[in-house]
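S.K.: Provided below for reference: sequence and predicted model.
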Amino acid sequence: MCDKPRLFIKTCIRYAMPTHSSVRATLLLALSSARQTLAACSCASYILNATNTSEHAIFTETLETDFTQPNPSLTWDSTPGLSWQAQTYNVTPAAARGPYGKAAELSNVVLNPQGQGLELWVRSQVLESMLPIAEIATARTDVLYGSFRVGMKTTAVNGTCGAFFFYHDDSQEIDVEVLSRQQGDGNNTVNLVLQSPASQSAGFDAAGTPGFVPYGLGFDPTAEFHEYRYDWLPGCVDMYVDGAWMHSFYDGIPDSPGAIHLIHWSNGGPGWSGGPPTEDAVLTVSYVKAYFNSSSGPSQCLNDQGTAVTDTCNIPADGQAPQPTLRPSVPSGTPSAGPTGSAAQGGAANIGKIKGLVRMEAVAFLALAWLA
């Protein structure tokens, strides 16, 4: 594990303009309008591990998203400045480095109506030499060092790749990747990957570099939700599963800001994703918890009364992700939060002005919007 104490200067939650050039339309997971008026947070900084340990660090921003909880006040919205954006783009087979291209579609990002989480679908039907996939990313692209956790249940359908990752560019990327073809029959594997200048020189293949470690899991990741985590500090990345340390990287560590992504994809390539899947495949996300710093500089952290917050909080201990409670299906005809019309977000407005939307003690409820 990282062997030097790390201290980071505090800021509070702040949103920065997304810059990913491949995004032609974005889907915002919307907070209720009442919540948007708050500029509140309960902690000015967050401590990772005890102060007398080498992995000690202080972060100043937090984003906690619970994808399993309902909220009747949620509406479908295209207002900029919110936490997550579903990605839409097309990648040709040549650019995807596979037999098929990838088509990220809004319709493949689905909030499960029974509270099981956010579903990211890979479809089995090939459309114009492309496989329909799903990806979401944080609106913020100013994430620089932190501790990042996801509750995730992967698919048992052969031929897809599910990943939780940080992305600056193709040579600065931190990946936790699960290939469905590597699961089952006692062979359950998670791939810990750093895309680095070394992997870029090898044709974007990290397998022959120090930034690639297949790690054998003691469980079937397709059967239940488990927590996957990486702690990214200057000069080191520590990887964990269900709170247990797996591996530490010391070479090719990113040092530039970026965004946090979740993707479920296939290009049909036998060297990695396999596939295409013979049936539609779903990866389900129950939560994301991120404690990090920003490259954008400090922003004001206020409580509900509008005064400055100075409290320091411990980052909650992690373990296996809780299994979501199945809710009854909504009877046909019963009003519920859902699409009331089409909403298109063709670009990014200045979203750095919306601050403090996520509170430590109460997870912000989010809803999904897509192009009708």
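M.R.: Happy to help now that I have it.
S.K.: Run the chain-centre distance for the longest strand along the chain.
M.R.: Counting residues, the longest strand found in the chain (DSSP state E) is strand 281-294. Distance of strand 281-294 from the chain centroid (C-alpha atoms, centre = their mean, to the nearest Å) equals 4 Å.
S.K.: quick one: average pLDDT of that strand?
M.R.: When pLDDT is averaged along strand 281-294, the result is 96.
S.K.: State the mean pLDDT of the helix or strand following that strand.
M.R.: Using DSSP states H and E, the helix or strand that follows strand 281-294 in sequence is strand 312-314. Mean pLDDT, strand 312-314: 90.
S.K.: Which residues does strand 312-314 contact?
M.R.: Ser42, Cys43, Ala44, Ser45, Tyr46, Ile47, Ile58, Met360 (C-beta atoms under 8 Å, 6 or more residues apart in numbering). C-beta here means a position set from N, CA and C on the backbone, and glycine is covered the same way.
S.K.: From those residues, which land in strands?
M.R.: Here DSSP E is the test, and these give Ser45, Tyr46, Ile47, Ile58 as lying in strands.
S.K.: surely the second one meets Phe59?
M.R.: Yes: counting by C-beta atoms under 8 Å, Tyr46 touches Phe59, with 4.9 Å between them.
S.K.: Give the residues shared as contacts by the two.
M.R.: Tyr291, Ile315.
S.K.: Number of residues surrounding Tyr89?
M.R.: Using other C-beta atoms under 10 Å, Tyr89 has 16 other residues around it.
S.K.: What ranges in this structure fall below the confidence cut-off?
M.R.: Applying pLDDT under 70 to the chain picks out residues 3-40, 50-52, 70-82, 298-300, 330-372.
S.K.: now the ones in strands among the contacts of strand 312-314 in TSV, with distance to Gln114 and neighbour count?
M.R.: Below are those laid out as TSV (distance: C-beta to C-beta, whole Å; neighbours: other C-beta atoms under 10 Å):
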residue	distance to Gln114	neighbour count
Ser45	37	22
Tyr46	32	24
Ile47	36	16
Ile58	39	19
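S.K.: Out of these, flag the one nearest to Asn191.
M.R.: Nearest to Asn191 among the ones in strands among the contacts of strand 312-314 is Tyr46, at 28.3 Å by C-beta to C-beta.
S.K.: quick one, strands of the stretch 51-200 of the chain?
M.R.: Shown for the stretch 51-200 of the chain, the strands assigned by DSSP state E, counting those that start in this stretch span residues 57-59, 61-66, 84-91, 101-104, 109-111, 118-122, 130-138, 143-153, 161-169, 172-179, 189-195.
S.K.: For those, give me CSV that also has distance to Gly275.
M.R.: Formatted as CSV, the strands of the stretch 51-200 of the chain follow (distance: least, C-beta to C-beta, whole Å):
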stretch, distance to Gly275
strand 57-59, 37
strand 61-66, 28
strand 84-91, 15
strand 101-104, 11
strand 109-111, 19
strand 118-122, 8
strand 130-138, 7
strand 143-153, 19
strand 161-169, 9
strand 172-179, 10
strand 189-195, 16
